[in-house]
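Visitor: Here you go, sequence then predicted model.
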Amino acid sequence: MKINVTLQRIMLSTLMAFTLGCGGGSSAEQTNTSTAPTGENSQPVTPIDTTIPTPPPSPPPEQPITQEDLTFSNAEKTSRFLQQSTFGATANDIATLTNTSASKWFKSQLAESPSNVLPIVVSYAPPDTQNDDEFDLFLIESTTFGFWMNSIAGADQLRQRMAFALSEILVVSNKGGETLTDQPTAVASYQDILINNAFGNYRTLLEEVTYSPAMGHYLTYLGNQKSDPATGRVPDENYARELLQLFTLGVVELNTDGSIKTDNDGIASELYSNKDITGLAKVMTGLDYNEPDDETIANNVFTRPMAINPEAHSDDEKSFLGLTIPAGVDGKTSISMALDHIFAHPNLPPFITKQLIQRLVSSNPSSAYVTRTVSAFKEGLYTLPDGTAVGTGQRGDLSATLAAILFDEEARNIASNTGGKIREPILRFTHWTRAFNVQNITPQFQTILWDTSPANLLAQHPYRSPSVFNFFRPGYAAPGTTSASNGLVAPELQIINATSIPGYVNFMTHFISSEQQYANADDLNDEFDNPRIPVSLEDYQKSFLATYDEELKLANDIDALIARLNLLLTANQLSQASKASIKKILNNIPADEENGYLTRVQLAVLLVMTTPDYIVQK
């Protein structure tokens, strides 16, 4: 299916209108406003009821409806919850989870085994792991393959989704084309740190991140040495600065609700000075590779926590943020004391929890919403709608924090003009794969997925942020937009522009229409530069195949087709104007002798996925 010029102009003008008029709550910018890799990964398809359910009658006063009754009480609400908590709602999940316990689903997801990335990377390594000359492009790109495979087909959807949210706060990127690109186990191991700690404690996560060789490389403190007065050498301050500014506290004092605390003159109070940074930088000295006795690709310096070289660690007294670590304290103890002190700071709960809300539910959460989530973070407990509690009761528990975010009344009820968020391009693509039961999740056969960061593709690629400040800032307000004029932020608008809008349309067209380009296996292997693992033409042609079987059954009834896509993709958020416009276009797409109504279905999917109603996740 090719999009003609007229249709592409329609999509462009529609999306540009969205960009200029997006609505989204309330705060100014805080952070510096500043398994095997082949085969079929498909899910069973279950027909779903596309009718918008009639609201139930009001219950008697003595038997009020509980929140549990509302969470999965109809298909629309189920679809909406799954869009916030997974990489995309599936038809099967909507059908099977509606009228069941959302609390039970949440707890079952907490119990799912993690789908890790490092085993996928290892599966692409040549048998002789010491022969670097044999490392082919498939291995170099295998961290990307692992992300797409796990985010799309992993059973641990809630864990994967939370890990991705954390990855946009605790940023490591292999975009630079140096060590973190050439050594795929480094970023794979870092992804696994986030995946394995997604339901753990934020204090534990901070420690594992601090000792991560990937972070050590990215923020240049691996091999960091103590001061040398003779040469003028001072410790690297990079990690110390970003640990405070981006990973834990921000730069100004916050209220519990995430708003900026000001004095009587409306002036914000800065949390620290450069003296604090230099003090903390001394703590982060001595960290270096932890050399294994028996090195394999699964057990090398990039997969092991960094060790501390006592000779390189500063023995000086270290002071920052009101904490003084006495002279002579060893490196491990110094780091532990520093992280404990930072973790106990009152800024950390609102700074981190508000960003998690932004990544999952709403760009502009209300003060009350942030306050409730902060309470769950501090207490480490949250009571689910079925009356059971999740969490360990310790400050920083992420399972309790995540439950508070997803089950909050503001998350479950569509707010007026301030609720919701723009769907990140990555999440739009994964949603399509899951919504239409795409088969053969084999990103190694889709070179377009090897780097989706260019603006003419998705303008975003997992673990390939252009800087430590992520793809977009949490407090970004696009100049000249209605949302900005109303005091609202829309972080994702920072990567939406006149190039990325048609780029997204064309990217999705490639996949929605399942267009493959190679005539024979030789041409295909030439394209992949004769990889060590041969590429099968048949496997390639079936890669990311969407058959739209259920949609084709409805294709002769355009209203029914639109209703199904509306539920599956937008949780019934398509406006009447959008539905009418889509219907008008689809009426002009007749059946053909070879494919029947396939072109109509494919175009319908594309049209829905490029509406403002879809781009904004309410």
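Guide: Received it, and whenever you're ready, just let me know what you need.
Visitor: mind listing the strands in this structure by residue range?
Guide: Shown for the chain, the strands assigned by DSSP state E span residues 287-288, 307-308, 318-320, 323-325, 382-383, 389-390, 421-422, 616-617.
Visitor: For the stretch 451-600 of the chain, which residues score under the pLDDT cut-off?
Guide: Scanning the stretch 451-600 of the chain with the threshold set as pLDDT under 70 gives 515-519, 529-534.
Visitor: tell me the helices in it, going along the chain?
Guide: Per DSSP state H, counting those that start in this stretch, the stretch 451-600 of the chain carries helices over the ranges 482-485, 500-512, 521-527, 537-542, 549-552, 558-570, 576-586, 598-609.
Visitor: And the strands of the chain: which comes nearest D265?
Guide: strand 318-320 (27.0 Å; C-beta to C-beta). (Glycine included, C-beta is placed from N, CA and C.)
Visitor: what sits up against the closest one?
Guide: By C-beta atoms under 8 Å, 6 or more residues apart in numbering, the surrounding residues in contact with strand 318-320 are 272, 275-277, 279-280, 282-283, 324-325, 334, 338.
Visitor: so where's the stretch 251-400 of the chain uncertain?
Guide: For the stretch 251-400 of the chain (pLDDT under 70), the answer is none.
Visitor: how near is the residue sitting nearest the centre point of the chain to G176?
Guide: Geometric centre of the chain, nearest residue: F164, 3.3 Å, by C-alpha atoms, centre = their mean. Noted for F164: a distance of 21 Å to G176, by C-beta to C-beta, to the nearest Å.
Visitor: and what of S142?
Guide: Distance from S142 to G176, by C-beta to C-beta: 18 Å.
Visitor: can you check V438 too?
Guide: V438 sits 31 Å away from G176, going by C-beta to C-beta.
Visitor: Looking at S142 and G176, which has the bigger crowd around it?
Guide: S142 (27 against 12; other C-beta atoms under 10 Å).
Visitor: The more buried one: what's it in contact with?
Guide: Neighbours of S142 in contact, by C-beta under 8 Å, 6+ apart: 37, 120-121, 123-124, 184, 188, 444.
Visitor: from these, which two are the most distant?
Guide: Farthest apart among the contacts of S142 - using C-beta to C-beta - are A188 and Q444, which lie 14.7 Å from each other.
Visitor: Where do the domain boundaries of this protein fall?
Guide: Using automatic domain parsing, the domain ranges for the chain come out as 5-20+59-105+420-617, 111-201, 238-292+308-343, 360-412.
Visitor: Out of those domains, which gets nearest to F302?
Guide: It is, among the domains of the chain and with distance given as C-beta to C-beta, domain 111-201, at 3.9 Å.
Visitor: Now do the end-to-end distance for that closest one.
Guide: Criterion C-alpha to C-alpha, to the nearest Å; first-to-last residue distance in domain 111-201 is 16 Å.
Visitor: how far is it from where the chain is centred?
Guide: Domain 111-201 has its C-alpha centroid displaced from the chain centroid by 13 Å (C-alpha atoms, centre = their mean, to the nearest Å).
Visitor: Neighbours of D340, how many?
Guide: 13.
Visitor: which one is it nearest to, not counting chain neighbours?
Guide: Once flanking residues are discounted, D340 sits nearest to R203: 7.5 Å by C-beta to C-beta, 6 or more residues apart in numbering.
Visitor: check contacts around that neighbour.
Guide: 339-340, 343, 395-396.
Visitor: for the closest residue in space to K261 that isn't next to it in sequence, what are its contacts?
Guide: Using C-beta to C-beta, 6+ apart and skipping residues adjacent in sequence, the residue nearest K261 is E253, 4.4 Å away. Going by C-beta under 8 Å, 6+ apart, E253 touches 260-261, 268-271, 347.
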